[in-house]
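Novice: got a predicted structure here, sequence first:
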Amino acid sequence: MSSEEQKKLQKDSVFDKLDTNKDGVVSDDELQVAQVIEEMEIKEEKAEAHKNMAWVSLVSIICFTVMVFLPIFPDARIKILEDLSSLFYIAMSGICGTYMGLSTWNSRR
């Protein structure tokens, strides 16, 4: 295909940012680079979401523990929630531990 037959970008096209060499044509190589960059951005967003989930679970463990020791809650009510609080701690600790383990594993791959 000659350069005259290639499609040119419109002025202010949304694909203009993909044209890294500014020749007015988006080549296959430029599309591949853009796709790799987009995949990396998606992975970073997922990692950030996982990190936020681990932080929320850690903070919720701390807040729940502090609330249990406040004098506004009677001992009888805390005794009733004993089984539920055990499951809560296990679940939240599992989220934190999984995040830390997978983060370490991914960094070594």
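Specialist: Arrived safely, thanks for sending. Numbers count the residues shown, from 1 in each chain.
Novice: which SSE is Leu84 in?
Specialist: Using DSSP states H and E, Leu84 maps to helix 82-108.
Novice: and the nearest residue to Leu102 once chain neighbours are set aside, how far from Phe73?
Specialist: The shortest distance from Leu102 to any non-neighbouring residue, by C-beta to C-beta, 6 or more residues apart in numbering, is to His50 (7.8 Å). Every residue, glycine included, has its C-beta placed from N, CA and C. The gap separating His50 from Phe73 is 32 Å, by C-beta to C-beta, to the nearest Å.
Novice: ditto for Ser60
Specialist: On the measure of C-beta to C-beta, Ser60 and Phe73 end up 17 Å apart.
Novice: the worst-scoring helix or strand of the chain on mean pLDDT: how far from the chain's middle?
Specialist: Taking mean pLDDT, DSSP states H and E as the measure, the chain has helix 75-80 as its least confident helix or strand, at a mean of 87. Computed by C-alpha atoms, centre = their mean, to the nearest Å, the separation of helix 75-80 from the middle of its chain amounts to 37 Å.
Novice: give me the contacts around that helix.
Specialist: Val68 (C-beta atoms under 8 Å, 6 or more residues apart in numbering).
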